[in-house]
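Colleague: any chance you can model this:
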Amino acid sequence: MGLIFPAIDPVAIQIGPLAVRWYALAYVMGLVAGWQYVRRLVEAQRIELSVEMVDDLLLWIMLGVILGGRLGYALFYQFGYYIKEPLEIFAVWRGGMSFHGGLIGVVLAIVFFARRRGIQVLSVADAVAPAFPFGLMLGRVSNFINGELYGRITEMPWGMIFPRGGDVPRHPSQLYEAVLEGGLLFALMLWLVHMRNAHRRSGLLSGTFLVGYAFARVTSELFREPDSHIGFLWSGVTMGQTLSIPLAALGFWLIARSNRSE
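Modeller: Have a look, this model is predicted:
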């Protein structure tokens with residue numbers, strides 16, 4: 001026995017032949033909400049950027065998320081397939097995005113933007129870091145609506161039978177990730193910004209985000225079904241957990257660096 005997956009249409013808006021999916025809306029809403037939040041931080045003088053810089057940065061972040069996310073998925077999760085069918089990389093409507101690839105894309109976008117503007121890279125990174133978890137939360141909820149990236153088999157009373165997961169109850173791991181990567185991490189970042197003035201310590205916000213995300217991802221992957229074409233890499237370790245370890249190391253280094261510069 002298990003909870004039945006709710007019949008939620010993955011298409012949010014249908015206008016003739018044009019179908020806008022919840023997953024696409026999650027990206028748009030996450031980027032717009034993050035952009036507006038960072039603007040508010042600038043107006044409150046908690047971020048050392050101008051409003052005009054934040055507006056310009058939005059385009060670079062958007063390109064980094066989409067291009068990095070897609071290329072990261074091809075590299076980390078489906079390299080064998082896309083090396084044979086490289087043009088399929090551009091078929092983004094068929095799904096397949098990687099957070100870690102998107103993060104690399106954003107980092108490159110931030111570095112390019114900062115050098116072009118003649119400002120410190122960490123100043124830009126600290127400006128956008130608090131807004132990231134909200135977008136992650138929307139993305140994971142969209143994964144749930146799509147019935148994808150479901151969890152491992154469970155006997156817990158909230159186990160859910162997903163259409164693509166067979167007739168056995170599974171962890172709704174997408175919702176676990178929405179809470180850990182999104183809600184809790186977002187609350188932590190808000191507390192650091194508004195209660196601890198973390199923006200005054202270069203690298204603290206960026207480092208906290210990286211460590212927080214890595215912890216949330218490693219934890220949630222304990223309940224998430226590994227990708228069928230990859231499985232476990234070794235000793236029950238997944239690709240998502242493996243890619244998160246370097247993030248945690250970099251995050252701890254940035255936090256330690258911020259403490260020394262205080």
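Colleague: give me the contacts around the helix or strand of the chain with the lowest mean pLDDT.
Modeller: The weakest-scoring helix or strand in the chain, judged by mean pLDDT, DSSP states H and E, is strand 18-21 (a mean of 88). For strand 18-21, contacts defined as Cβ atoms under 8 Å, 6 or more residues apart in numbering pick out Pro10, Val11, Ala12, Ile13, Gln14, Ser142, Asn146. In short, each C-beta sits where N, CA and C put it, glycine included.
Colleague: and the next element down the chain from it?
Modeller: Sequence order places helix 22-43 as the next helix or strand after strand 18-21, per DSSP states H and E.
Colleague: what element comes up after that following helix heading to the C-terminus?
Modeller: The helix or strand immediately downstream of helix 22-43 is helix 51-76, counting by DSSP H and E.
Colleague: which parts of the next helix or strand after that following helix are buried?
Modeller: Downstream of helix 51-76, the first helix or strand assigned by DSSP H and E is helix 79-84. For helix 79-84, the neighbour count (16 or more other Cβ atoms under 10 Å) marks Tyr82 as buried.
Colleague: buried residues in the helix or strand just after helix 79-84?
Modeller: Next along the chain after helix 79-84, taking DSSP H and E as the criterion, comes helix 99-117. For helix 99-117, a neighbour-count test (16+ other Cβ under 10 Å) marks 99-107, 109-110, 113-114 as buried.
Colleague: with distance to Phe5 as added columns, please give these in JSON lines.
Modeller: Compiled in JSON lines, the buried residues of helix 99-117 are given as follows (distance: Cβ to Cβ, whole Å):
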{"residue": "Phe99", "distance to Phe5": "23"}
{"residue": "His100", "distance to Phe5": "27"}
{"residue": "Gly101", "distance to Phe5": "28"}
{"residue": "Gly102", "distance to Phe5": "27"}
{"residue": "Leu103", "distance to Phe5": "29"}
{"residue": "Ile104", "distance to Phe5": "33"}
{"residue": "Gly105", "distance to Phe5": "32"}
{"residue": "Val106", "distance to Phe5": "32"}
{"residue": "Val107", "distance to Phe5": "36"}
{"residue": "Ala109", "distance to Phe5": "36"}
{"residue": "Ile110", "distance to Phe5": "38"}
{"residue": "Phe113", "distance to Phe5": "41"}
{"residue": "Ala114", "distance to Phe5": "44"}
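Colleague: name the nearest residue to Ser173, sequence neighbours excluded.
Modeller: Among residues not flanking Ser173 along the chain, Gly151 sits closest, at 3.4 Å (Cβ to Cβ, 6 or more residues apart in numbering).
Colleague: ok, now Gly165?
Modeller: Here the residue nearest Gly165, using Cβ to Cβ, 6+ apart, is Tyr150, at 4.9 Å.
Colleague: the closest residue to Gly68 other than its chain neighbours and Glu177, how far apart?
Modeller: Spatial nearest neighbour of Gly68, chain neighbours left out: Gly105 (1.8 Å); criterion: Cβ to Cβ, 6+ apart. Taking Cβ to Cβ, to the nearest Å as the measure, Gly105 falls 20 Å from Glu177.
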